[in-house]
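# structure for this input, please:
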Amino acid sequence: MIYTDNTKKALKLCFAAHKEKKDKSGLPYVFHPFHLAEQMEDEESTVVALLHDVAEDTDYTLEDIAAMGFSRNVMEALALLTHDEAVPYMEYVKALGNNLIACRVKLADLRHNSDLSRLDADQIDEKALARVNKYAEAIKLLEERENSV
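Predicted coordinates:
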């Protein structure tokens with residue numbers, strides 16, 4: 001993990017936003033963004049990894065996050081990563097490919113969410129397998145985009 005004033009601020013917000021949540025297998029949800037952040041190599045990507053689900057899945061808004069003083073690059077990536085349900089999933093994924101930070105964070109997110117070992121055996125059903133297949137398609141699309149840059 002990269003520890004700067006901004007990443008520590010993002011860690012605190014990430015924990016505050018997700019502290020009561022559990023993931024699909026009942027583990028504290030906050031482990032997921034922490035796992036992604038550990039893979040990032042710079043401050044802005046680390047911040048985005050920590051905050052990638054905050055506006056989408058909690059009561060915090062992008063405006064709340066921006067008011068905390070995060071950079072324009074961070075806010076642009078977070079806005080892209082916040083999926084509007086009115087936008088078809090693959091269109092949303094394609095749009096991420098135009099932002100290197102968003103693309104890197106989403107690839108890490110998709111890979112982690114595709115790891116079926118995170119689930120208990122009885123949770124690996126057709127729905128979980130369909131989700132992994134959808135994520136594989138998204139990973140392929142983003143990897144192609146990343147490799148063309």
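
# and the spatially closest residue to Val30 that is not a sequence neighbour, what's its pLDDT?
Closest residue in space to Val30, ignoring its immediate chain neighbours: His18 at 4.5 Å, by Cβ to Cβ, 6 or more residues apart in numbering. All C-beta atoms are positioned from the backbone trio N, CA, C, and that covers glycine. Looking at His18, its pLDDT reads 96.

# residue contacts, the residue most central in space within the chain?
The chain has His52 as the residue nearest its centroid, 4.1 Å off, counting by Cα atoms, centre = their mean. By Cβ atoms under 8 Å, 6 or more residues apart in numbering, the contact list for His52 reads Pro33, Leu36, Leu78, Leu81, Val105, Lys106, Asp109.

# of the residues you listed - the most surrounded one?
Neighbour counts for these, by other Cβ atoms under 10 Å, peak at Val105, which reaches 30 neighbours.

# list the contacts of the lowest-mean-pLDDT helix or strand in the chain.
For the chain, the helix or strand with the lowest mean confidence is helix 126-147, at a mean of 90 (criterion: mean pLDDT, DSSP states H and E). Here helix 126-147 makes contact (Cβ under 8 Å, 6+ apart) with 89-90, 93-94, 96-97, 100, 103-104, 106-107, 110-111, 113-114, 116, 119.
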